[in-house]
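Engineer: give me a model of this one.
(chains A, B, C and D)
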There are 2 protein chains.
Amino acid sequence: MLGGRAEDYLEAIYTLSREKGFAKVMELSEMLDVKPATVSEMLEKLSRMGYVDYKKRSHVKLTEKGMRKAMSLREKRNIVIKFLKALGVPEDVAERDACALEHVLHPETLRQLRNFVRFVESSPAINPRWLEHFREFCRTGKHPCKQR
Amino acid sequence: MLGGRAEDYLEAIYTLSREKGFAKVMELSEMLDVKPATVSEMLEKLSRMGYVDYKKRSHVKLTEKGMRKAMSLREKRNIVIKFLKALGVPEDVAERDACALEHVLHPETLRQLRNFVRFVESSPAINPRWLEHFREFCRTGKHPCKQR
DNA sequence: AATAGCATTTAGGTAAACCTAAGAAACGAT
DNA sequence: ATCGTTTCTTAGGTTTACCTAAATGCTATT
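Structural biologist: Residues are numbered from 1 along each chain as shown, chains lettered A, B, ... in the order given. Alright, predicted model coming up:
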């Protein structure tokens, strides 16, 4: 099985590949804030596991398997980010937390987050009344519907 | 600083202490699903760090510092659990995920989760309309307000 | 085509959290 | 009070993800 950190590498490779079609050790090192030596080792491992195409001293690319995995991870992360933003978490925090969360969330939990995001997005009003109320609650600490 | 796993030990000790006033190695071993030897080591560490009162071959108790930490962790977890349950995540899943989440969530994120829980709880209706709608959306995949 | 300067890998470590096996201490039943 | 069982600790290993320092390969410039 794929350890939590390995997934970050996969996603980083995915992101970098979208532009040039491949990723380099240095880029990954910077993006993941890890020394090049460490990247080298992890790529070796991911290669053995069939997630990336990688020959020493060359580029990295995702294999079919790696691509599938990366895309599913990316989708998870996007749900979490959207979800947190809908909840009023600042974007940068949402992004950091999404990184951590995507590794640990149970599928069922993820399903509900996805539902929630879709629910909000599919609302008839651009900004549903209750969401307005929630935002106000966040600001004032009071529920606008509640008297006294 | 306190590693993520150490926090689980603290919380387990807290839980066990609530009944008898202390915790034993075996109990922790079972609760955390870890061998007694491992518990022994971790208690040594927590003791060095001042979170627990612990002499070899005896009970463990939380120190003042440990108690404060444990309570704040417990509060975090409770927020996450309530939150996930409000979202319709089954209780057992919510509890598992809460364990994982409490270690990683940014304070800001936690703040918004707390807000959300309070918002729902402070709603004038026991079950606000929008929450009804959300539940229905989860079942049917359709927003009840939306025609067509 | 030689070499200077990067990029990358190798080798050898570290820290955290776990493990097993074996020994020591405490406990409880007779 | 002693013996057997259970609980706990010690000692020595493992794994994972990281590190540094040193070596090696690549490339681009001259």
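Engineer: chain neighbours aside, what residue packs nearest to residue A:76?
Structural biologist: By the measure of C-beta to C-beta, 6 or more residues apart in numbering or on different chains, the closest residue to residue A:76 outside its immediate chain neighbours is residue A:102, 4.4 Å from it. To be clear about C-beta, it is placed using only N, CA and C from the backbone, and glycine gets the same treatment.
Engineer: swap in residue A:88?
Structural biologist: residue B:112 (5.1 Å).
Engineer: hmm, back to that, if I look at the residue nearest to residue A:76, how far off is DNA strand C?
Structural biologist: Distance, residue A:102 to DNA strand C, by C-beta to the nearest atom of the strand, to the nearest Å: 21 Å.
Engineer: tell me the secondary structure for the closest residue to residue A:122 other than its chain neighbours?
Structural biologist: Among residues not flanking residue A:122 along the chain, residue B:143 sits closest, at 4.5 Å (C-beta to C-beta, 6+ apart). Put simply, residue B:143 is coil when judged by DSSP: H, G, I helix; E, B strand; the rest coil.
Engineer: and the pLDDT for the spatially closest residue to residue A:124 that is not a sequence neighbour?
Structural biologist: With C-beta to C-beta, 6+ apart as the criterion, residue A:124 has its nearest non-adjacent residue at 4.6 Å, and that residue is residue B:145. pLDDT for residue B:145: 85.
Engineer: quick one: contacts for the spatially most central residue of chain A?
Structural biologist: Here the mean C-alpha position of chain A is nearest to the C-alpha of residue A:77 (C-alpha atoms, centre = their mean), at a distance of 2.5 Å. If you count contacts by C-beta atoms under 8 Å, 6 or more residues apart in numbering or on different chains, residue A:77 has them with A:11, A:98, A:99, A:102.
Engineer: neighbour-wise, which of those residues leads?
Structural biologist: Per-residue neighbour counts (other C-beta atoms under 10 Å in any protein chain shown) across those peak at residue A:102, which has 23 neighbours.
Engineer: pretty sure that residue is touching residue A:73, no?
Structural biologist: Yes: with contacts counted by C-beta atoms under 8 Å, residue A:102 reaches residue A:73, the gap being 6.0 Å.
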